[in-house]
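Student: next one to model:
(chains A, B, C and D)
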Number of protein chains: 4
Amino acid sequence: MKTFRDPVHNIVSIDKQSEKVLLDLIDTREFQRLRHTRQLGLSSFTYPGAEHTRFIHSLGVVHLTKRFIDKISTLKNIDQKYIDELHDNRMLALVTALLHDIGHGPFSHALEKTTKIKHESWTIEIITGDTEVKKILEYHRSGFSHEVAEVIRRTHKSKAIVKLLSSQLDTDRIDYLIRDSKFTGAGYGAFDLEWLINCLRIGEVNGDTEFGLDLNKGLSIAEDFVMARYYMYVNVYFHRATRSAELIMDKIFQRAIELNNLGKIDLPEDLAEIIIKSSTSKTLTNYLNLSENTIWHYIVLWSKHEDNIMSDLCTRLLNRKLFKEIQIEGNLIDFTEKVINSLKEHGLPREYYLLTDEATSSSYKDHYITQKPKSEGSENEKEASEQIFLFDKSGNGIELSNKSKIINQIRNEGIKIDRMFIPEQIRRLF
Amino acid sequence: MKTFRDPVHNIVSIDKQSEKVLLDLIDTREFQRLRHTRQLGLSSFTYPGAEHTRFIHSLGVVHLTKRFIDKISTLKNIDQKYIDELHDNRMLALVTALLHDIGHGPFSHALEKTTKIKHESWTIEIITGDTEVKKILEYHRSGFSHEVAEVIRRTHKSKAIVKLLSSQLDTDRIDYLIRDSKFTGAGYGAFDLEWLINCLRIGEVNGDTEFGLDLNKGLSIAEDFVMARYYMYVNVYFHRATRSAELIMDKIFQRAIELNNLGKIDLPEDLAEIIIKSSTSKTLTNYLNLSENTIWHYIVLWSKHEDNIMSDLCTRLLNRKLFKEIQIEGNLIDFTEKVINSLKEHGLPREYYLLTDEATSSSYKDHYITQKPKSEGSENEKEASEQIFLFDKSGNGIELSNKSKIINQIRNEGIKIDRMFIPEQIRRLF
Amino acid sequence: MKTFRDPVHNIVSIDKQSEKVLLDLIDTREFQRLRHTRQLGLSSFTYPGAEHTRFIHSLGVVHLTKRFIDKISTLKNIDQKYIDELHDNRMLALVTALLHDIGHGPFSHALEKTTKIKHESWTIEIITGDTEVKKILEYHRSGFSHEVAEVIRRTHKSKAIVKLLSSQLDTDRIDYLIRDSKFTGAGYGAFDLEWLINCLRIGEVNGDTEFGLDLNKGLSIAEDFVMARYYMYVNVYFHRATRSAELIMDKIFQRAIELNNLGKIDLPEDLAEIIIKSSTSKTLTNYLNLSENTIWHYIVLWSKHEDNIMSDLCTRLLNRKLFKEIQIEGNLIDFTEKVINSLKEHGLPREYYLLTDEATSSSYKDHYITQKPKSEGSENEKEASEQIFLFDKSGNGIELSNKSKIINQIRNEGIKIDRMFIPEQIRRLF
Amino acid sequence: MKTFRDPVHNIVSIDKQSEKVLLDLIDTREFQRLRHTRQLGLSSFTYPGAEHTRFIHSLGVVHLTKRFIDKISTLKNIDQKYIDELHDNRMLALVTALLHDIGHGPFSHALEKTTKIKHESWTIEIITGDTEVKKILEYHRSGFSHEVAEVIRRTHKSKAIVKLLSSQLDTDRIDYLIRDSKFTGAGYGAFDLEWLINCLRIGEVNGDTEFGLDLNKGLSIAEDFVMARYYMYVNVYFHRATRSAELIMDKIFQRAIELNNLGKIDLPEDLAEIIIKSSTSKTLTNYLNLSENTIWHYIVLWSKHEDNIMSDLCTRLLNRKLFKEIQIEGNLIDFTEKVINSLKEHGLPREYYLLTDEATSSSYKDHYITQKPKSEGSENEKEASEQIFLFDKSGNGIELSNKSKIINQIRNEGIKIDRMFIPEQIRRLF
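Tutor: Next up, the predicted model:
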């Protein structure tokens, strides 16, 4: 038994024989790379304890996935088919749990914006491309890599496994809420994990397999869980200082490309390849070489770059001289014009010195945000995954907001934050 | 009031007016740099939660230093002179608490070995050299930077402040034990901080000011604290996998210099300067630019270096293919010879593939280790700092091991670990 | 410094000199009596860890009251008059915190129902009557006992002290939520106490002094606190098994009086006096002698009483054979009639075997419940105390539900639970 | 699944079908009685949080026993016979875990001293006598009650089960250390339970089945566990104020018997029967009726008794006016004589006002104390149970003190505390 110590789950154990494939995957270069990818990007600017990586989060999701499967397997009065389905696909679930974030690169959101490639695409590429991970998956069982990819794409035929790893109540989300709460030191994400697991149920709702909670025992924990998530958004994920830092990182990438086009900067080769080719298959090796370390190394170099904008932005990140939020007063258009004029007077190009943040913007959506799902694109699938079901004794699933007015209230609200950031010396003028 | 959230102390508050100098120091480039320096170096290879930085540790030491001073200030029946001394030097203590680790660079131990410059020297250089930190200190009060340096050098005339920050029971040590325990997830470093602070005393022992604990109430917590430290050494700081990774890092630096001397490698400029000049005053700027990010960035590059040794060592760190400990059997010299022969047969130069670890080696001593202090260099001062005193109601201080046979037992034992590491394929042959 | 260890606050310290009056009060017979009064009455039937007493809760409220006053005293930008008011009335606040529950007797709710005397009346009587407590208060300062009584009656001129100890965000409520959550083991009552204290503010709202939270930082913790309280009601305070046990205790008292009137039972003298005289001043000595111990001692005796009803009810409590909730089906009146008929057929008098519970009933109100305050008696005062205010930088207080739709949602809902309990053998018939 | 919430283990689950016998046993009057028996007797005088009962402790031991068996069952490389033995006797182990403390009465130590009947005898009597418990055990399986009794007597043929429930590393001890630490709020008893369970092993040592810990991973946790126990003795179980209260309770029983012999007191019938008959079989019903409630009820009555000694002792317990420890100075015999003379001058009979405490006295031994076992009665069995074994990879067990000098140090020391308590007004004279 290989044991990892974890401040969240205490001991995460992986069996050296029966779960060898997990250990082999952990030992790949692609997975070890996650040691250098922080779970919360630049949140440590705001919460200095939040240095935890996607490496330990991934182990945590494996651990929770095991616990969920084990719990369901001991339930009485549920259809045996669910137990069988989870049993038959146990290793698939664990492997997908381990690999679900493997495509994340450094500062994913900024990089995704620049390359227009989502981290999910990299995940699929790493699982199915020319990688150590792929080899180990196929060695384990021919065709296994494609099965894992199907679970990640949510197209796998085992709906139980898909939902276990990707739904409102999935093991990914549960782990990151508790973990982010613990490492930031902000108490908001805390909820009673043991009770949640104790209340776990599975059943069929509208023809789909769904995980959910016991109607009698689980209402309060369901509410508490959703509230925890809500608080983490408001107080941590969308914290103004963190967002400001992330927007600066965006702008550094943007400026790097501009300067590169002008031949005025040496981009690190791996980054250059990715940006230019914008193709996962051609640049996978480059992507795997790239880490936060490289970006930070170049930010130090660029803080002395001859381009004033570049050196200023990089210095700001290094010295934590972040842009400050300015409260919009009066008419938005008039106000914005005044800000732009002021920036112009100080020789600060608006493109780089007026940062706007819509926290419902796509940069976060795929990870965390619950927005009014009904008004969005692929509604039905999305909607399903954003629901929590409460199962009564007969196994009927009722959607949470039918039972909880509080949740219904939050649900209809969503979290929308519009902000404007500018340098402090300009803000002082207003 | 500026508040930082901390998983260890929950809230660390700094007053925006009366403690402005602390906030100004935090905002310097030199201090922000600690965000990129992990408290436990490569321990996250073993304990993947241990990604916490010297940045948050330093904030924690400020917090504890405040709590210690506040506690002493409320004690009855102690000589008023101590309260006055702590009161008069409060800001000096807090500033030194904040800056005590500011000279740490990336992978301190390996770098110290290579450059022969201790991190304390860098700390002094940053505090007294041409830096933002120095400017802020002198702006606060002329001569303040030298006072801070004196506390760090342990030569400051306020013995209370010196001991508060550097002794067996100092706020640095207390913070790192609890913090390292919490972030590794290994329970060993836990002890009851609140009770320890509640039992805090101050007094004179052998003509020296000493912090200590109440004789009646504090014996068990004193023992518990020393035991916690002991367990952290055995299980965390000296963990075999961590030590193996650190030794590989040593060897990477060593190989880099060799290849540099042969003109076969491009060292990052900042690193090159430090290694060549080996002077803190000439290379301070380079040192401040250097971070774990740069080292890791180059380890990725060097993992594809044409030099087999270099690429192998770098690949080992990236893929966590660490060297394994081999149990020495029979006569040490004979055994070592057999190992060397076996390495030779496989074309592995002994200099890079037989790593020996003496965990009592100097690399750790200044941070953590308690060794038989009487057999060491500047005995008296060192010895004093390794003792814990228990004060009776009359204010007499008794050294802990006179009251605790358990501690006496540990004290005489010390922690000595000798290990031999080799590549796994060679170990398998034995 | 006298220190108490507390699983909730860790160390509760009381100064032997400056706070001697608190220690003297703790050492009175009237206060030591609280060691025999459980904070949650019969909740330990449901949550077997919940054996904590009003003794330790009272110490906890003293501790929190100190922390609140200390926090407010360090705030910048608030009117100095609040700091002065809290400073001048500090000892009054601490003493009232200590004594606020001193009038609680065994199984308060049942006893209050029987005697028609509220525990607050006993509190006032103990503070102002012929007691050790009164003597110590008057020895401390002439007229002090009446001042304490005024704070408890909410008529004291220092509104800050009154609100500190009796409002939606008072130290009593905060302590019992955290404490009850911790000792029951049900995670619902957990919230981030440190952050709440960090966000504490004071100011004037509608001409009244009010404690509140910082508008910018405190919204989430305000919501979290109110939600915690809501969950504790639903899951702990109103738990069906606890309520069933409490209703049986009610019925035991009722039967005891009936049998006493018939001369068929020996009541313990102290209980008899209280029930017959129904006067706090004449029976204070009896009341102080009475404890849960006496009641339980007699329940054992009465479990063998010749009266079948009495012996059955007592045996039920001793063996935890509680009445079970029956779901009302169809028309309430028809259903009730069917239940009554069924009880009659089994020779079970409806008066003792059909227990109805309205959890909004008066039995709990004075302790815990927030009900639609606007529809109640002394509306204005009540309403004020049920609000939480958020203070902006200018010191303006905004009522929480104006800022939080979630809280607004809960507020309008209230917690109303109607239940019907009957013996299990009858329930099985339905 | 019936779930209990527990502040220590969070959720304790018992299966309604397969573990029905446990639920039936919990519902007996004899087991429900444990709700009224505090785990730590009068320790709540010192640690006011320590009101937890033997009821919840017994549930905790069931929970840990399950976890131990489950852990051993998943171990590789151990002899299958152990797994089979634990599997075959699983329900026996769980039932014994539940019932191991069922014979405890109110203030066991004082009562044992008075009646000369140990609580273990009552346990056996309840399990094998005319009780609900016996009926349920025999209904479960004929002869089962005798099997349970054999495990408690340590004579059962399954050594694994005997050791699981009664040895240095048994589930009883582990639960009470953690629980007592948590409820007292004194941090000393804390150790990393998860890691201890993770390191659990089983094997044969000197022809006996023994539980133990993994040699490589378990040394530190073994030391930590033994140290935790040591600290709990010194700081909690042997706390001077607790011991003083217990000695007063002793004296109250002693005086009650004397007054009863003189016909000057009405003892509660159940207590009188037990004291007079001193037989478990004849007085079992009385014993089961007796609880702390009855004793406390009478202490209130007796606090107004005409006998001065009786009323004084009872008043002291009610008002927490405990006797104080006096430091013995000079020659013991001379000093004692001086104390006795002083008591005589104040009209205080030495028999009731000079309390001596030998904390190695038999009153605690069977529960908690580790004394120099080799110098005691039934050495071999006792000695075995006080050892912890560390198992190497080949399954060889090495006794802990051979590997740990710290433990060896404590082991040879033992805990011996001799104290003398007298009323405070006399102590002041010295």
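Student: give me the buried stretch members for stretch A:103-117, please.
Tutor: Judged by neighbour count using 16 or more other C-beta atoms under 10 Å in any protein chain shown, the buried positions of stretch A:103-117 are A:103-115, A:117. Backbone N, C-alpha and C define where each C-beta goes, glycine included.
Student: what's the local residue count around A:Thr65?
Tutor: A:Thr65 has 26 neighbours, counted by other C-beta atoms under 10 Å in any protein chain shown.
Student: which non-adjacent residue is nearest it?
Tutor: Nearest residue to A:Thr65, sequence neighbours excluded (C-beta to C-beta, 6 or more residues apart in numbering or on different chains): A:Ala97, at 4.2 Å.
Student: pretty sure the one you found sits against A:Val62.
Tutor: Yes: using C-beta atoms under 8 Å, A:Ala97 is in contact with A:Val62, at 4.6 Å.
Student: follow-up on the earlier one: and which of the buried residues of stretch A:103-117 is nearest chain D?
Tutor: Nearest to chain D among the buried residues of stretch A:103-117, counting by C-beta to the nearest C-beta, is A:His104 at 29.2 Å.
Student: next one: phi and psi at the closest one?
Tutor: With angles defined as degrees, to the nearest 10, A:His104 sits at phi -70, psi 130.
Student: against chain B, how distant is it?
Tutor: Distance, A:His104 to chain B, using C-beta to the nearest C-beta, to the nearest Å: 16 Å.
Student: chain neighbours aside, what residue packs nearest to that residue?
Tutor: A:His104 sits nearest to A:His119 (C-beta to C-beta, 6+ apart), 4.9 Å away.
Student: that neighbour contacts A:His100, correct?
Tutor: No: using C-beta under 8 Å, A:His119 is not in contact with A:His100; the gap is 10.3 Å.
Student: where do the contact lists of the two overlap?
Tutor: Overlap between the contact sets of A:His119 and A:His100, as judged by C-beta atoms under 8 Å, 6 or more residues apart in numbering or on different chains, is nil.
Student: ok, those two, which is more surrounded?
Tutor: A:His100 (26 against 18).
Student: quick one: that one from chain B, how far?
Tutor: In this view, A:His100 and chain B are 17 Å apart by C-beta to the nearest C-beta.
Student: the residue nearest to A:Leu64 when sequence neighbours are not counted: neighbour count?
Tutor: Nearest non-adjacent residue to A:Leu64, counting by C-beta to C-beta, 6+ apart: A:Thr171, 3.9 Å away. Using other C-beta under 10 Å, A:Thr171 has 25 neighbouring residues.
Student: interface residues of the stretch 151-300 of chain A facing chain D?
Tutor: Residues of the stretch 151-300 of chain A lying near chain D by C-beta under 8 Å from any C-beta of the partner chain: A:Asp192, A:Glu194, A:Trp195, A:Asn198.
Student: specify which member of the residues you listed is nearest to B:Arg90.
Tutor: Lowest distance from B:Arg90 to these (C-beta to C-beta) belongs to A:Asp192, with 41.6 Å.
Student: give me the nearest residue to the closest one, chain neighbours excluded.
Tutor: According to C-beta to C-beta, 6+ apart, the nearest residue to A:Asp192 is C:Gly187 (3.3 Å).
Student: and the one you found, what does it touch?
Tutor: A:Phe191, A:Asp192, A:Trp195, A:Asp224, C:Ser181 are the contacts of C:Gly187 under C-beta under 8 Å, 6+ apart.
Student: what is the burial count for the second one?
Tutor: Other residues within reach of A:Asp192 by the criterion other C-beta under 10 Å amount to 22.
Student: how far away is it from B:Asn10?
Tutor: Look at A:Asp192 and B:Asn10: by C-beta to C-beta, to the nearest Å, they are 20 Å apart.
Student: tell me who's in contact with the nearest residue to A:Ala245 once chain neighbours are set aside.
Tutor: The spatially closest residue to A:Ala245, leaving aside those adjacent along the chain, is A:Leu42, at 4.2 Å (C-beta to C-beta, 6+ apart). Neighbouring residues of A:Leu42 by C-beta under 8 Å, 6+ apart: A:Phe107, A:Thr242, A:Ala245, A:Glu246, A:Met249.
Student: surely the first one and A:Asn293 touch.
Tutor: Same thing as A:Phe107. No: the pair A:Phe107 and A:Asn293 does not pass the contact test of C-beta under 8 Å, sitting 11.7 Å apart.
Student: A:Glu204 should be in a strand, yeah?
Tutor: Yes: under DSSP: H, G, I helix; E, B strand; the rest coil, A:Glu204 falls within a strand.
Student: could you point out which element follows the helix or strand harbouring A:Glu85?
Tutor: Taking DSSP states H and E as the criterion, A:Glu85 maps to helix A:80-88. Downstream of helix A:80-88, the first helix or strand assigned by DSSP H and E is helix A:90-99.
Student: output the contacting helices and strands for that next one.
Tutor: Counting contacts by 3 or more C-beta pairs under 8 Å, 6 or more residues apart in numbering or on different chains; DSSP states H and E, helix A:90-99 packs against helix A:20-26, helix A:54-74, helix A:119-128, helix A:132-140, helix A:144-153, helix A:159-165.
Student: would you mind putting these into CSV with mean pLDDT alongside?
Tutor: Below are the helices and strands packed on helix A:90-99 laid out as CSV (pLDDT from 0 to 100):
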stretch, mean pLDDT
helix A:20-26, 98
helix A:54-74, 98
helix A:119-128, 96
helix A:132-140, 98
helix A:144-153, 97
helix A:159-165, 95
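Student: quick one, which of these is nearest to D:Glu424?
Tutor: Using C-beta to C-beta, the nearest of the helices and strands packed on helix A:90-99 to D:Glu424 is helix A:54-74, at 55.8 Å.
Student: that closest one vs helix A:90-99, what angle?
Tutor: Interaxial angle, helix A:54-74 versus helix A:90-99 (axes from the mean of the first three to the mean of the last three C-alpha atoms, to 10 degrees): 150 degrees.
Student: which stretches in the stretch 151-300 of chain A count as strands?
Tutor: A:200-205, A:208-214 (DSSP state E, counting those that start in this stretch).
Student: distance to C:Tyr82 and mean neighbour count added to those, as CSV?
Tutor: Below are those laid out as CSV (distance: least, C-beta to C-beta, whole Å; neighbours: other C-beta atoms under 10 Å in any protein chain shown):
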stretch, distance to C:Tyr82, mean neighbour count
strand A:200-205, 49, 20
strand A:208-214, 45, 21
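Student: between those, which one is nearest to chain B?
Tutor: strand A:200-205 (24.6 Å).
Student: the closest one near chain C at all?
Tutor: No: under the criterion of C-beta under 8 Å from any C-beta, strand A:200-205 makes no contact with chain C; the nearest approach is 15.9 Å.
Student: determine how far that strand lies from the middle of the whole chain.
Tutor: Centroid separation for strand A:200-205 versus its chain: 25 Å, with C-alpha atoms, centre = their mean, to the nearest Å.
Student: paired strands for it, with orientation please.
Tutor: Paired strands of strand A:200-205, with direction, are strand A:208-214 (antiparallel) (DSSP bridges).
Student: quick one: the contacts of C:Gly187 as CSV, columns for pLDDT too.
Tutor: CSV is the format used below for these (pLDDT from 0 to 100):
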residue, pLDDT
A:Phe191, 92
A:Asp192, 94
A:Trp195, 96
A:Asp224, 91
C:Ser181, 96
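Student: just the closest residue of the stretch 201-350 of chain A to chain D, please.
Tutor: A:Lys217 (8.3 Å).
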